[in-house]
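[1] A predicted structure for the sequence below; I have some questions about it.
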Amino acid sequence: MKIFLIGPIKSSFVQNDIKILSKKNRLLLENSVIGRGIKGIWNLFLLTLRSIFKTTKCDAVFCWFADYTTLIPSLLAKIFGKNIYVVAGGFDVTNLPEINCGARLRPLRWFCVKNTFRLADKIFPVSNYAQKQLITLTNVNEKKVKMIYNCIDTSLFSEEITQSNRKFVLTVSQGDNWIEYIRKGTKRFIEIAKELKDTKFVIAGLRDQALHLARKDAENALNIEIIPGPLDLYNEIVPLYKKSVAYCQFSIEETFGVAVLEAMICGSLPIVSEGGALPEIVSGSDAVVVRTKEDIFNAIAKAKALSNTERVKLRDFAFRFDISEREQILLNEIRCR
């Protein structure tokens, strides 16, 4: 089968699905990242033209997130009787009006999102939390919804876990604006770091406005290091995971939490908020779900004292979300259409 896949192609989770789907199918790819402003509008126009052409050449359309870029291909696919698959688990099922975050808060974008979901033959939320959000926000037919957990390709991570050379508490965010800075909990991370002056904290991946805000908030805090993005996952971020005693994800909301699992497979103790799917993803592991500042302080102390055996146990837990688990379910769902 020939599948037209549209999504943020450079993201590790999309690369995983490309790896899965290309085993049984021929893929036509299109990067849905278009930018902002006038340039973004122009890029959307060009992308739409390319998408129309690729949709006519394929047997099915596979969308990683519903967005501006997916409505026209989905509509065209429906007209010509082609199958439409949509992965739900990003801005499309986020609704945080307190920080103006989520597709539903933008009328035109929401029109594209909700109608992409309505046209879809199958929708694959990346967690139970994402599924709940999808159904609550869109009222789609639940019969066409199948939750399939997101994944990591564990074969790309070294199985060796070492206790030595772990020096800091880490958080990673590729955010580039104020909304992502707040949603990802970076501001809270900095506030915690300022109170634990004897511990080193590292923030990695921020860009543009989010980077500026972090530098301003962390000003004069000698125990905070900020590493600007963009960063390569395997060459730059993974070495940071391996050197960290703990990985913090204080997000207001997450529909999954890939970075949490990436850190875990490198032996770093996840310390996560109650935001969205984070407690769901780490349930059954030694990761710590925190509610208060005191919870965070205690969790960091626990992370510093963690043995190598306990770090290996964290790694082993992350294998539950190996790419092979998603592959089996995803390929079966696509074959049964």
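    That came through fine.
[2] what ranges do the strands span in the stretch 101-250 of the chain?
    Secondary structure of the stretch 101-250 of the chain (DSSP state E, counting those that start in this stretch): strands located at 122-125, 168-172, 200-204, 224-227, 244-249.
[3] May I ask you to name the longest helix in the chain?
    Using DSSP state H, we find that the single longest helix of the chain is helix 37-57.
[4] just checking, what packs against that one?
    Where contact means 3 or more Cβ pairs under 8 Å, 6 or more residues apart in numbering; DSSP states H and E, helix 37-57 is packed against strand 2-7, strand 26-31, helix 71-79. From N, CA and C alone the C-beta is placed, and that goes for glycine too.
[5] Give me the distance from that helix to the chain's centre.
    Relative to the chain's own centre, helix 37-57 is displaced by 24 Å; criterion: Cα atoms, centre = their mean, to the nearest Å.
[6] Just the C-alphas of stretch 61-73, formatted as CSV.
    Output in CSV follows, covering the C-alpha atoms of stretch 61-73 (Å, rounded to 0.1, in the frame of the first residue of the first chain):
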residue,chain,number,x,y,z
VAL,A,61,-3.5,9.3,4.2
PHE,A,62,-1.7,9.2,7.6
CYS,A,63,-1.7,12.4,9.7
TRP,A,64,0.5,12.9,12.7
PHE,A,65,-1.8,15.4,14.5
ALA,A,66,-4.8,17.2,13.0
ASP,A,67,-4.1,20.8,12.0
TYR,A,68,-4.3,23.4,9.2
THR,A,69,-2.2,21.1,7.0
THR,A,70,-4.4,18.0,7.3
LEU,A,71,-7.9,19.1,6.3
ILE,A,72,-7.5,19.4,2.6
PRO,A,73,-5.7,16.0,2.2
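[7] buried sites along it?
    Neighbour-count burial for stretch 61-73 flags 61-73 (criterion: 16 or more other Cβ atoms under 10 Å).
[8] Distance from it to the middle of the chain?
    Distance, centroid of stretch 61-73 to centroid of chain: 17 Å (Cα atoms, centre = their mean).
[9] same deal with stretch 52-70?
    Using Cα atoms, centre = their mean, the distance from the centre of stretch 52-70 to the centre of the chain it belongs to is 21 Å.
[10] And the average pLDDT for it is what?
    Averaging the model's pLDDT scores along stretch 52-70 yields 97.
[11] got the end-to-end distance for it?
    10 Å (Cα to Cα, to the nearest Å).
[12] How about His276: what's its closest non-neighbour residue?
    Careful, residue 276 is Gly; it's not His. Glu253 (4.1 Å; Cβ to Cβ, 6 or more residues apart in numbering).
[13] Now for that neighbour, how many residues are close by?
    22 (other Cβ atoms under 10 Å).
[14] repeat for Asn95
    15.
[15] next one: Leu206
    Neighbour tally, Leu206, other Cβ under 10 Å: 28.
[16] Identify the residues contacting the closest residue in space to it that isn't next to it in sequence.
    Of all residues not flanking Leu206 in the chain, Ala214 sits nearest, at 5.4 Å (Cβ to Cβ, 6+ apart). Going by Cβ atoms under 8 Å, 6 or more residues apart in numbering, Ala214 touches 181, 186, 190, 203, 206, 226.
[17] hmm, try it at 6 Å
    186, 203, 206, 226 (Cβ atoms under 6 Å, 6 or more residues apart in numbering).
[18] Distance of it relative to Asn115?
    Distance from Ala214 to Asn115, counting by Cβ to Cβ, to the nearest Å: 37 Å.
[19] Check Lys78 too.
    Counting by Cβ to Cβ - Lys78 and Asn115 are separated by 10 Å.
[20] Cool, thanks, talk later.
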